[in-house]
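Q: got a structure for you, letters missing:
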């Protein structure tokens, strides 16, 4: 009873002396279709041999929080890091079921997807408080100066949550990692391709720095 | 026709966060583009997105949001010092926040000291016309 009381007290002041590396919650955040689930699958395939999320070219494929516990990674120096990987729905300020119809879904399916997507965005925002560190996954071919990106990163900064920015889809010709670095100069930005595994070794090294 | 509603910071200053956000969303739901003097806190921006998602319906598809804030990197030392004092005195009154209904506003691009607002009707006939707000 005393231990639970102390845990609740310390969690309120954002300090947990009982935390070990295995209690680290690493969240993947970002706008829809940036590649969060693809990255989650890349991490899980590399270290656990199985995927954790479905992916799609249609936005808002991930519509609920997905957690993979006890993901253990190692670096070249033999250091280990264990965390719970949290894949979140993409955060957006608008959702229109007609956009899903244009992508080939039927009306009933599109409306259901839109409803689930709005709930997913709400959950993703609520879960910000639970994260120990976050990788913000941005599409490197798109304009990084969107207000959604600025709001997500601003909220993480306000909560003192360490952030690593993954500029994804670096394999594409239109990818512009330098523009993302210029947009967020105070953060580490790493260009990767979650789909093809480009630069993921450096990405894993950055995770160690993120979770010191 | 597009309606812009200017909201002075004084109109929301005394309100709590939830009431601020609800006031702004209610204006946007009237199909008006809000131009708010100043800006919301980061938590209030997140609340704005959350409440927007709760309000989404066939008639209300969400919002487009953009915050423009003075770019300090191009200022000289004296201007930066003045900026620090202005920030202390005025706080959240600095800058400008634009919130538009997604049914009217297709996209807002920041660049970073000007805003380009694309309305849905401007995409008619495949031609793209811009309304620039500097």
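A: Arrived safely. The model shown is predicted, which means the values in this text are computed figures rather than measured ones.
Q: who touches the residue of chain B found nearest chain A in this structure?
A: Of all residues in chain B, the one sitting closest to chain A is residue B:62 (2.7 Å; Cβ to the nearest Cβ). From N, CA and C alone the C-beta is placed, and that goes for glycine too. Taking Cβ atoms under 8 Å, 6 or more residues apart in numbering or on different chains, we find residue B:62 in contact with A:92, A:93, A:94, A:95, A:96, B:52, B:53, B:56, B:101, B:102.
Q: Now flag whichever of those is closest to residue A:76.
A: residue A:92 (37.9 Å; Cβ to Cβ).
Q: Check chain A and tell me which residue is nearest its centre.
A: Using Cα atoms, centre = their mean, the residue of chain A that lies closest to the mean C-alpha position is residue A:28, 1.0 Å off.
Q: hang on, the earlier thing: among the contacts of residue B:62, which lie within strands?
A: The members of the contacts of residue B:62 that map onto strands under DSSP state E are residue B:101.
Q: how many neighbours does residue B:19 have?
A: When neighbours are counted by other Cβ atoms under 10 Å in any protein chain shown, residue B:19 registers 11.
Q: now do residue A:70
A: 11.
Q: Just list what the helix or strand harbouring the residue nearest to the centre of chain A packs against, helices and strands only.
A: Assigned by DSSP states H and E, residue A:28 belongs to strand A:24-29. If you count contacts as 3 or more Cβ pairs under 8 Å, 6 or more residues apart in numbering or on different chains; DSSP states H and E, strand A:24-29 packs onto helix A:36-47, strand A:80-87, strand A:133-139.
Q: For the shortest one, buried residues please.
A: For strand A:133-139, burial by neighbour count (16 or more other Cβ atoms under 10 Å in any protein chain shown) applies to A:133, A:134, A:135, A:136, A:137, A:138, A:139.
Q: now do the longest one
A: In terms of neighbour count (16+ other Cβ under 10 Å), helix A:36-47 has its buried residues at A:36, A:37, A:38, A:39, A:40, A:41, A:42, A:43, A:44, A:47.
Q: Could you find the closest non-adjacent residue to the residue in chain A that chain B sits nearest to?
A: Nearest to chain B in chain A, going by Cβ to the nearest Cβ, is residue A:94, at a distance of 2.7 Å. Leaving aside its chain neighbours, residue A:94 sits nearest to residue B:62 (2.7 Å; criterion: Cβ to Cβ, 6 or more residues apart in numbering or on different chains).
Q: Local confidence estimate at the one you found?
A: The per-residue pLDDT reported for residue B:62 equals 96.
Q: And it, how far from residue A:195?
A: Distance of residue B:62 to residue A:195, given as Cβ to Cβ, to the nearest Å: 28 Å.
Q: does the nearest residue to residue A:165 once chain neighbours are set aside belong to a helix or a strand, and which?
A: Closest residue in space to residue A:165, ignoring its immediate chain neighbours: residue A:189 at 4.5 Å, by Cβ to Cβ, 6+ apart. Using DSSP H and E, the element containing residue A:189 is strand A:188-191.
Q: Sheet-wise, list the partners of that strand with their directions.
A: Here strand A:188-191 is paired, per DSSP bridges, with strand A:163-168 (parallel).
Q: re earlier: hang on, the residue nearest to the centre of chain A packs against residue A:138?
A: No - with contact defined as Cβ atoms under 8 Å, residue A:28 does not reach residue A:138; the gap is 11.3 Å.
Q: Pull the distance from the lengthiest helix in chain A to the chain's centre.
A: In chain A, taking DSSP state H as the definition, the longest helix is helix A:107-126. From the chain centre to the centre of helix A:107-126 is a distance of 18 Å (Cα atoms, centre = their mean, to the nearest Å).
Q: Same check on stretch A:175-195?
A: When C-alpha coordinates are averaged (Cα atoms, centre = their mean), stretch A:175-195 and its chain have centres 15 Å apart.
Q: what's the straight distance from one end of that stretch to the other?
A: One end of stretch A:175-195 to the other measures 14 Å (Cα to Cα, to the nearest Å).
Q: for it, what is the average pLDDT?
A: Stretch A:175-195 carries an average pLDDT of 95.
Q: what residues does that stretch touch?
A: A:35, A:38-39, A:41-42, A:137-138, A:140-141, A:143-145, A:149, A:153, A:163-171, A:198-200, A:202-203, A:206, A:209-210.
Q: Pull out the buried members of those residues.
A: For the contacts of stretch A:175-195, a burial check counting by 16+ other Cβ under 10 Å picks out A:35, A:38-39, A:41-42, A:137-138, A:140, A:143-145, A:149, A:153, A:163-171, A:198-200, A:203, A:206, A:210.
Q: Residue A:129 reaches residue A:159, doesn't it?
A: Yes - the criterion here is Cβ under 8 Å, and residue A:129 meets it with residue A:159 at 6.9 Å.
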